[in-house]
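Undergrad: for reference, the sequence and a predicted model appear below.
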Amino acid sequence: MEINGITCEGCGSTDVEFDPATRKVHCNQCGREMYYSRARLGATGKIAFAKDNAIKFFKGGNFPEARKFAADVLNMMQDNAAAQFMVAYCDEFCEGLSGSMTVFFKRAEDIPLEYDEVRDLIDLFESTLYNMRDFEVQMVSLVVANMQSMEDRSRLESFIDAVCPFCIARYASEDFMTAERESFYQDIAANCNIPKTCLALLKGIRENPGSPYKTGSFALRRRTSYFLEHYVEPVGRIVNSMKASQYKQKFLVAYQQVSEQYRSMASQ
């Protein structure tokens, strides 16, 4: 396969053959063989052109064209994460192929993403939150794993505070707050400044569809105790896990007030 932008490092010839499975380049002029890194391959003209077009059509809602250009990228660079995501999204939400997105995240775990790929994924995730809300943990975990530099911390925090509050506000009950999910929120709260996420969790005490405030069910003792144990108390532990910042004390006070009010209502 020939790709515009790939040349022989030895003689400079463009008469080369490329194997996308191994990223190996063979020069037909001098016989030299070499390997292209993921970063270098992703920056070549044809791949960059196809990827940029895929993202443009994807964000514009033209999913058939987006999928076509994303497939072109994958024909040349099989592990390009942004292209893999767009194909999986089209399969899952346009073609009804359930499980496509789960497969994408499983594969992406093993890809050492380049900075540009993480940037592209953040852009794509933020533009698809309505359909992607059930993949909150997977989206955040993938970006966190590939954005560890302190220089990127502000962008990471902004991403988390865009994704998590959106998803939290749309869960159908408190049952999303499993022990694993609580640990997930505690971990990111301990390492990142995410006030919007913590505020969304606090608001959920009143606004989650399963809250006795929403259902008017404080008289149902068992139900009220269940929500206390499975949502109110986990939120308290998450807030307590927040890293030291200008926000933490305010959130601790706010939680104390909301928690005491809930317990007062439950005891009447």
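TA: That came through fine. Numbering: from 1, shown residues only.
Undergrad: packing partners for the helix or strand hosting residue 56?
TA: Here residue 56 sits within helix 45-59, counting by DSSP states H and E. On a contact count with 3 or more C-beta pairs under 8 Å, 6 or more residues apart in numbering; DSSP states H and E, helix 45-59 meets helix 38-42, helix 63-76, helix 81-89, helix 115-127. Using the backbone N, CA and C atoms, a C-beta is placed for each residue, glycine as well.
Undergrad: in that helix, which residues are buried?
TA: By 16 or more other C-beta atoms under 10 Å, the buried positions in helix 45-59 come out as 46, 47, 50, 51, 53, 54, 55, 57, 58.
Undergrad: picking up where we left off before, in terms of mean pLDDT, which of the helices and strands packed on helix 45-59 ranks lowest?
TA: When mean pLDDT is averaged over each of these, helix 38-42 scores lowest at a mean of 68.
Undergrad: returning to what we had before: can I get the helices and strands packed on helix 45-59 in CSV with distance to residue 213?
TA: Converted to CSV, the helices and strands packed on helix 45-59 look like this (distance: least, C-beta to C-beta, whole Å):
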stretch, distance to residue 213
helix 38-42, 49
helix 63-76, 39
helix 81-89, 35
helix 115-127, 30
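Undergrad: so of those, which one's packed in deepest?
TA: Of all the helices and strands packed on helix 45-59, helix 81-89 carries the top mean neighbour count, a mean of 24, counting by mean count of other C-beta atoms under 10 Å.
Undergrad: helices or strands next to that one in the packing?
TA: Applying 3+ C-beta pairs under 8 Å, 6+ apart, one finds that helix 81-89 makes contact with helix 45-59, helix 63-76, helix 100-108, helix 115-127.
Undergrad: who's in contact with the third one?
TA: With contacts defined as C-beta atoms under 8 Å, 6 or more residues apart in numbering, helix 100-108 is touched by 79, 81, 84, 85, 88, 89, 91, 92, 132, 135, 138, 142.
Undergrad: the last one too?
TA: Applying C-beta under 8 Å, 6+ apart, the set of residues contacting helix 115-127 from outside is 39, 42-43, 51, 55, 58-59, 80-82, 85-86, 89, 113, 132, 139, 142-143, 146-147, 155, 159, 162-163.
Undergrad: just name the closest of the buried residues of helix 45-59 to residue 217, please.
TA: When the buried residues of helix 45-59 are compared for distance to residue 217 (C-beta to C-beta), residue 58 wins out at 42.8 Å.
Undergrad: residues in contact with the closest one?
TA: By C-beta under 8 Å, 6+ apart, the neighbours of residue 58 are 66, 70, 86, 89, 124, 127.
Undergrad: for the residues you listed, work out which two are farthest apart.
TA: 70 and 127 (14.4 Å).
Undergrad: distance check, residue 59 against residue 128.
TA: Between residue 59 and residue 128 the computed distance is 9 Å (C-beta to C-beta, to the nearest Å).
Undergrad: go on, residue 247?
TA: On the measure of C-beta to C-beta, residue 247 and residue 128 end up 28 Å apart.
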